[in-house]
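Trainee: generate coordinates for the sequence data below:
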Amino acid sequence: MNQQKNISLKSRKKSFSYAIHGIVALVKREPNAKLHALASIVAVSAGIIRHISHWQWAMLAVAIGLVWITEALNTCIEKLCDFCCDNRIHPAIKIIKDISAAAVLIAAVVSIVVGTIIFIL
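Mentor: Take a look at the predicted model:
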């Protein structure tokens, strides 16, 4: 039983390290992720300076997380499409990539609305 726990713990650590590697790769390789990182730092810094409430922190965290999740998924979809199609432009792949990019745009707009409510209104 103890050995089973050790194996499970090792696999969880390995999974966690893969996820961290993915975050690092996303930020290093994707220019938009660098912009998201800057925006996240600015938003968190503004929250600290303005002493926002617990609920505002929760909303800010959700908004930031939404953008990061959609950016990561968008990047995966784009890379997979490029890999499968050898970078050829196929009309169906273009639509898939456009919709994937639209998800990031929607998340960014929602985050701007949340930031406006928290910091301006």
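Trainee: distance of E71 from S100?
Mentor: Using Cβ to Cβ, to the nearest Å, we find E71 at a distance of 10 Å from S100. Quick note: C-beta positions are derived from backbone N, CA and C, even for glycine.
Trainee: neighbour count for these two, which is higher?
Mentor: Taking other Cβ atoms under 10 Å, E71 and S100 do not tie; E71 has more neighbours (22 against 18).
Trainee: what comes up buried for the strand or helix carrying the more buried one?
Mentor: Remark: E71 resides in helix 54-85, with elements defined by DSSP states H and E. For helix 54-85, the neighbour count (16 or more other Cβ atoms under 10 Å) marks 56, 59-60, 63-64, 66-68, 70-72, 74-75, 77-78, 81 as buried.
Trainee: what about stretch 74-93, start to end distance?
Mentor: 13 Å (Cα to Cα, to the nearest Å).
Trainee: one step back: and the helix holding E71, what does it pack against?
Mentor: Applying 3 or more Cβ pairs under 8 Å, 6 or more residues apart in numbering; DSSP states H and E, one finds that helix 54-85 contacts helix 2-29, helix 31-50, helix 91-119.
Trainee: grab the most central residue of this structure for me.
Mentor: W68 (1.5 Å; Cα atoms, centre = their mean).
Trainee: contacts only, for N32.
Mentor: Neighbouring residues of N32 by Cβ atoms under 8 Å, 6 or more residues apart in numbering: E71, V104.
Trainee: just the pLDDT for it.
Mentor: Reported pLDDT at N32 in the predicted model: 94.
Trainee: wait, doesn't W57 sit right on I48?
Mentor: No - if you go by Cβ atoms under 8 Å, W57 and I48 don't touch, sitting 9.8 Å apart.
Trainee: count the residues that sit near F16.
Mentor: Quick note: F16 (other Cβ under 10 Å) scores 10 neighbours.
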